[in-house]
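Colleague: kindly generate the corresponding structure for this input.
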Amino acid sequence: MTDTHAHLDFLEPEELAEARAHLQELQAVLTLGVDPSRWEKTLSLAQGNVYAAVGLHPTSAHLLSPEVAEALRHYARSERVRAIGETGLDYFWTPETKPAQLKALDFQAALAEELGLPLVLHVRSKDGKAEEDLAAWLLLQRPQRVVLHAFFGHPALEEAGLKVGAYFSFAGPLTYKKNAALREVAARLPGEKLLVETDTPFLPPEPHRGKRNLPHYVRHTLEKLAEVRGLTFAEAEALTDGNARVCFGWV
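Modeller: This next block holds a predicted model:
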């Protein structure tokens, strides 16, 4: 199994110890550092089958400066870094920072292209406006390799993602009983573009809902993906592991 999106630096020491105890169950984990204060720790955690991504989360986009941009470029060149992000648009928490978010998104997209790395995108809003804006951005900018992290099935974003060849990464909400519509999306998307993730320590799947998430809980999301695709668990595992290798370039 592959967890393509985790935040190991957010875990408490005992949680991190548990996560490490289960790493042998996983082919790879991508842990993402989402602001300058987290990049160093994120890279320190990227050992063995754990790889790193570095970026500015849209809620931290206001931190972008020439100095921060140069620091991000420096960290992004590290051997263990396999993606830029997560970046994107978040109007749920900080809609007033949209201009700063777009500026940070454009910078990180250019950096990803410069370094030949995939771009990991986050999106969230109360009314779907951020999803519509990100869909429009995708169609305009057409990044070469992009991952729609924790995809929730927004129609405009699905359409734009398909047009630009994006990867669609599903997290714990795929397993929630009321998310039948999301499972329908997961059933129809191209198999070669499917990924699974935990967003550790957030978005835990059933039966861990209401608790803190951990990378090996990705099994539950993968089981649900296999079910909706009509695959065996082994087939779904091979599919998503292979997709992750192609996307992120690890062995």
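
Colleague: for the top helix by length along the chain, buried residues please.
Modeller: The longest helix of the chain (DSSP state H) is helix 98-115. Buried residues in helix 98-115, defined by neighbour count with 16 or more other CB atoms under 10 Å: Lys98, Ala100, Gln101, Leu102, Ala104, Leu105, Phe107, Gln108, Ala109, Leu111, Ala112. Heads up, the C-betas are built off the backbone N, CA and C, glycines and all.

Colleague: for the strand or helix carrying Tyr75, output the C-alpha coordinates as PDB.
Modeller: Here Tyr75 sits within helix 66-76, counting by DSSP states H and E. Provided in PDB are the C-alpha atoms of helix 66-76 (Å, rounded to 0.1, in the frame of the first residue of the first chain):
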ATOM      1  CA  PRO A  66      11.800  36.400  -1.700                       C
ATOM      2  CA  GLU A  67      13.500  34.800   1.300                       C
ATOM      3  CA  VAL A  68      10.900  32.100   1.800                       C
ATOM      4  CA  ALA A  69      10.800  31.500  -2.000                       C
ATOM      5  CA  GLU A  70      14.500  30.900  -2.000                       C
ATOM      6  CA  ALA A  71      14.300  28.600   1.100                       C
ATOM      7  CA  LEU A  72      11.600  26.600  -0.500                       C
ATOM      8  CA  ARG A  73      13.600  26.200  -3.700                       C
ATOM      9  CA  HIS A  74      16.600  25.100  -1.500                       C
ATOM     10  CA  TYR A  75      14.600  22.400   0.300                       C
ATOM     11  CA  ALA A  76      12.800  21.300  -2.800                       C
END
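
Colleague: what does it rub up against?
Modeller: Helix 66-76 has contacts (CB atoms under 8 Å, 6 or more residues apart in numbering) with 33, 36, 39-40, 43, 54-56, 81, 84, 107-108, 111, 115, 117.
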